[in-house]
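**Student:** Quick one: sequence plus predicted model below, questions after.
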Amino acid sequence: MRFGPVALALALTFTAATAAYAGPDPAKLRAAADSFEAGAKSYKDGKHEEAAAHFEAADAAVPSSKALRFAIRARAEAGQASRAATLAALALDRYPEDAETKKLATETVEKLGPSLHRAEVSCASPCLLAVGTRIVPGEANTRWVVYLDPGTQSLGASFGKIAAPEQSIDATAGGSSEVRFAPKKKSADTTPPAGEGGGMPVGTDTPDDQPEGPPKDDDWRIHPAPFVVGIIATAALGGTTIWSGIDTINNPGADAVREECRGQGEDCELYQEGQSKELRTNALIGATAGVAAVTLVLAIVTDWDGDPDPEKAGKNEPLPLWVDVGSAIGRGDGSQDQRLTLGYRGRF
């Protein structure tokens, strides 16, 4: 009876079962680490503006309260009060429960806020902002707090590839204002009837100025529910396979087989029981690897962003799913074989 391959199989099974739980993008982690290291060096050398840019890049790659705190300090040290206060507002919104971040951000706003103009911005859908030509740090959001230096400032917003018209703000020290952005809509087509003149239609944008429409929906992508089923199935099968491998090794065990089956050859009942369990374990290994592979494919074709179009919302309704891991007596000697039942209901 050969137990050596079982130990190796258990290790392979564990790897397959955990492969579905993908961590953060390694490339982004590396970029964030490199940017943070470069920022720390620049900060130490007294190059605060350069350091702030690196810390902001690190936070953009992998959001981090630590990187954001260093960016706030560096902007303040560089004398860029409006940028430091804007970063502080972002920190308060993103990490309200982080005591260290909250303390620094609150102190920064209290110190710098009175000399700046506070703009509360709302967007019709998640947008990115820019003050003049400088992008405001942060991920796309529907609500922003931006601090501006006194004077006439221009504030713009973008919705993917669609830009909203810029708005001019007369910023004053200690002042505040509310700004609303919505995507720029195409003008109605007022093309004159044939025979009534040529040229560009009145009231419409020129071809170069017409905003691009939103990207086409990825209708071929599927709801996340099948991927969730795959994750649960992979984990359940992995655990069952590990149990089966341990049971194969320990029951009846190599020593017991050698003792009881001496002189009986392969006809020994105990030997055949061990062979049966080894076959069961190998089958579970194959099933686990297969389900893990399918789960990986599902992760690629899943629509993680959801469907923002309310008229299509019903297309991606969550699919009811179930997983049942139990045991059923399948052998005459009273031993039990594990049983796994899983699935999902619905249509794509």
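**Tutor:** Thanks, I have the structure now. Numbers count the residues shown, from 1 in each chain.
**Student:** make it CA atoms for all contacts and neighbour counts henceforth
**Tutor:** Will do.
**Student:** Asp247 - nearest residue in space that isn't next to it in sequence?
**Tutor:** Once flanking residues are discounted, Asp247 sits nearest to Lys277: 7.9 Å by C-alpha to C-alpha, 6 or more residues apart in numbering.
**Student:** ranges for the helices of the stretch 51-200 of the chain?
**Tutor:** 65-77, 81-94, 99-112 (DSSP state H, counting those that start in this stretch).
**Student:** Could you report the neighbour count for the nearest residue to Leu92 once chain neighbours are set aside?
**Tutor:** Spatial nearest neighbour of Leu92, excluding adjacent residues (C-alpha to C-alpha, 6+ apart): Lys102 at 5.9 Å. Summarising burial for Lys102: neighbours were counted as other C-alpha atoms under 10 Å, giving 21.
**Student:** which residues sit in contact with Lys102?
**Tutor:** 91-92, 95-96 (C-alpha atoms under 8 Å, 6 or more residues apart in numbering).
**Student:** what about Leu298, helix or strand, and which?
**Tutor:** Following DSSP states H and E, one finds Leu298 within helix 269-301.
**Student:** and that helix, what does it pack onto?
**Tutor:** helix 4-19, helix 225-250, helix 254-260 (3 or more C-alpha pairs under 8 Å, 6 or more residues apart in numbering; DSSP states H and E).
**Student:** Would you tell me which strand is longest in the chain?
**Tutor:** strand 117-131 (DSSP state E).
**Student:** which residues are contacting it?
**Tutor:** Under C-alpha under 8 Å, 6+ apart, the answer for strand 117-131 is 135-136, 138-150, 153-160, 171-183.
**Student:** Provide a list of residue ranges in the stretch 201-348 of the chain with pLDDT below threshold.
**Tutor:** Residues of the stretch 201-348 of the chain that meet the criterion pLDDT under 70 lie in 201-221, 265-267, 304-348.
**Student:** again, only this time at 80
**Tutor:** Within the stretch 201-348 of the chain, the stretches with pLDDT under 80 are 201-223, 227, 248, 251-275, 277, 298, 301-348.
**Student:** Show me how this protein divides into domains.
**Tutor:** For the chain, automatic domain parsing gives the domain ranges 22-112, 116-185, 219-344.
**Student:** Throw the contacts of Lys102 into CSV and include pLDDT, neighbour count and distance to Asp25, thanks.
**Tutor:** Below are the contacts of Lys102 laid out as CSV (pLDDT from 0 to 100; neighbours: other C-alpha atoms under 10 Å; distance: C-alpha to C-alpha, whole Å):
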residue, pLDDT, neighbour count, distance to Asp25
Ala91, 94, 23, 23
Leu92, 95, 19, 26
Tyr95, 95, 15, 22
Pro96, 93, 14, 25
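**Student:** Go through those and name the one nearest Ile285.
**Tutor:** Checking the contacts of Lys102 against Ile285 by C-alpha to C-alpha gives Tyr95 as the nearest, at 43.0 Å.
**Student:** Phi, psi for Lys161 please.
**Tutor:** Main-chain dihedrals, Lys161, degrees, to the nearest 10: phi -90, psi 0.
**Student:** got it, and Pro183?
**Tutor:** Per-residue torsions, Pro183: phi -60, psi 140 (degrees, to the nearest 10).
**Student:** isn't it right up against Lys161?
**Tutor:** No. Using C-alpha atoms under 8 Å, Pro183 makes no contact with Lys161, being 9.7 Å away.
**Student:** Neighbour count: those two, which is higher?
**Tutor:** Neighbour tally, Pro183 and Lys161, criterion other C-alpha under 10 Å: the higher count belongs to Pro183, 19 against 11.
**Student:** gap between that one and Lys102?
**Tutor:** Per C-alpha to C-alpha, to the nearest Å, Pro183 is found 33 Å from Lys102.
**Student:** do the same with Leu155
**Tutor:** To Lys102, Leu155 is 27 Å away according to C-alpha to C-alpha.
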